[in-house]
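Asker: show me the folded form of this:
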Amino acid sequence: MKRLTAVLLLSILTICLLSCSESGSDKKISLKFKYKPDMRLEYKQDSKQQTTVYQNDSVIEKSSDSYIAFINQEVRSVESDSTFKIYEEDIWRYTVPNKEDSTKKDTVEQVREMELFVQDNGKILDFEFLSGEKQRYSYIKNYYEQGLPIFPKDEVHTGYSWTQTTSVVLPNETMKASTTYKINSLVRELGYDCAIIKYNGNLIIPIEPTKSDSTNRSGLDKITTDGMIYFAYKEGIVIKQTEKWTTKGDRIYIKDGKYEKYNFVSDYDVLFLLTKAEGVK
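Answerer: Numbers count the residues shown, from 1 in each chain. Presented below is the predicted three-dimensional model:
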């Protein structure tokens, strides 16, 4: 009798477990950013980078760096039912060799302010620099167009995937940048019900000369990405993101009146984490 009871109990537990699993996989959710006026989000981003630079098939430089960035966002206004104006302040802190004593390092801080027009599906319609490195507008525009997910219009479930492809027009050819996203699972993370969105793909970003660069440097970055986004689907915000990048870059520049070339490989590990949220609920 005890054995029969145990078997029946195990069967019931198995059925319950299977039911929970099936329910989780069949559950449909909506992926939308749910911004509200005066909503404030604060994020911390930790990045580690290793770079090797090559010239004429020889290694000319190796470096290993780490960066900390603080990203503060504030929803300034709701432009329509699906478009929002967001103010963003990005603060980077990193170390550089001391000018007087190379054995010592100084902490440097850079600040950039932006204004973005974002749709609730994640698409950035436009953005403007209010301060900071405005010469990087073209690079960031390409990154936004190629590297950010645009959420599906309809509800999705675990296992659902979609692919975004962008045509990149170069002087001598047109290339394709493509990223595939997949709803990997639904989990509880940092107090939020989240969809884990796994992704991998490639970005192709042309490097255009800038007025501030006397060497007239230009080139091309080919980037492979592999990461996970933890999206709190009830609140409509990103709470966590992990990502690995590998960038293979080619550069050409002018030195002493002649064109020179070099290339590099950079590996990045990035952790992006929500640290404070106001006006979310």
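Asker: contacts only, for the residue lying closest to residue 165 once chain neighbours are set aside.
Answerer: Using Cβ to Cβ, 6 or more residues apart in numbering and skipping the chain neighbours, the partner closest in space to residue 165 is residue 178 (4.5 Å). Glycine gets a C-beta too; all of them are placed from N, C-alpha and C. Residue 178 is in contact with 163-166, 201-202, counting by Cβ atoms under 8 Å, 6 or more residues apart in numbering.
Asker: now residue 230
Answerer: By Cβ under 8 Å, 6+ apart, the residues touching residue 230 are 187, 189-190, 192, 194-196, 238-241.
Asker: let's go with 7 Å and repeat that
Answerer: 189, 194, 196, 239-241 (Cβ atoms under 7 Å, 6 or more residues apart in numbering).
Asker: how about the nearest residue to it, chain neighbours excluded?
Answerer: residue 240 is the one closest to residue 230 (Cβ to Cβ, 6+ apart), at 3.9 Å.
Asker: how close does that neighbour get to residue 248?
Answerer: In this view, residue 240 and residue 248 are 27 Å apart by Cβ to Cβ, to the nearest Å.
Asker: also residue 96?
Answerer: Applying Cβ to Cβ, the value for residue 96 to residue 248 is 25 Å.
Asker: quick one: low-confidence parts of the chain?
Answerer: In the prediction, the chain carries residues with pLDDT under 70 at positions 1-25, 132-135.
Asker: could you pull out the helices for it?
Answerer: 2-26, 137-147 (DSSP state H).
Asker: which stretches of the stretch 151-281 of the chain form strands?
Answerer: With DSSP state E, counting those that start in this stretch as the criterion, the stretch 151-281 of the chain has strands at 161-169, 174-189, 192-207, 218-232, 237-255, 258-278.
Asker: between those strands, which gets nearest to residue 152?
Answerer: strand 161-169 (5.8 Å; Cβ to Cβ).
Asker: could you export that closest one as CSV, CA atoms only?
Answerer: C-alpha atoms of strand 161-169 as CSV (Å, rounded to 0.1, in the frame of the first residue of the first chain):
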residue,chain,number,x,y,z
SER,A,161,12.4,33.6,-32.8
TRP,A,162,12.8,36.3,-35.3
THR,A,163,15.6,37.7,-37.5
GLN,A,164,16.4,41.3,-38.3
THR,A,165,18.5,42.0,-41.5
THR,A,166,19.9,45.3,-42.5
SER,A,167,21.6,46.2,-45.9
VAL,A,168,24.9,48.1,-45.4
VAL,A,169,25.9,50.0,-48.5
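Asker: so what touches that strand?
Answerer: Here strand 161-169 makes contact (Cβ under 7 Å, 6+ apart) with 145-146, 150, 152, 174-182, 204.
Asker: identify the residues contacting residue 203.
Answerer: Contacts of residue 203 (Cβ under 7 Å, 6+ apart): 143, 146-147, 177, 223, 225.
Asker: for residue 33, state which of those residues is nearest.
Answerer: Nearest to residue 33 among the contacts of residue 203 is residue 147, at 16.4 Å by Cβ to Cβ.
Asker: and that closest one, what does it touch?
Answerer: 179, 203, 225.
Asker: tell me where the stretch 1-150 of the chain has strands.
Answerer: 40-55, 58-78, 83-97, 105-119, 124-131.
Asker: in CSV, list these along with distance to residue 137 and mean neighbour count.
Answerer: Shown next, in CSV, are the strands of the stretch 1-150 of the chain (distance: least, Cβ to Cβ, whole Å; neighbours: other Cβ atoms under 10 Å):
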stretch, distance to residue 137, mean neighbour count
strand 40-55, 20, 16
strand 58-78, 18, 14
strand 83-97, 14, 16
strand 105-119, 10, 14
strand 124-131, 7, 13
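Asker: now render the ones you listed as JSON lines, adding distance to residue 229.
Answerer: Below are the strands of the stretch 1-150 of the chain laid out as JSON lines (distance: least, Cβ to Cβ, whole Å):
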{"stretch": "strand 40-55", "distance to residue 229": "13"}
{"stretch": "strand 58-78", "distance to residue 229": "15"}
{"stretch": "strand 83-97", "distance to residue 229": "18"}
{"stretch": "strand 105-119", "distance to residue 229": "15"}
{"stretch": "strand 124-131", "distance to residue 229": "16"}
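Asker: thanks a lot, see you next time.
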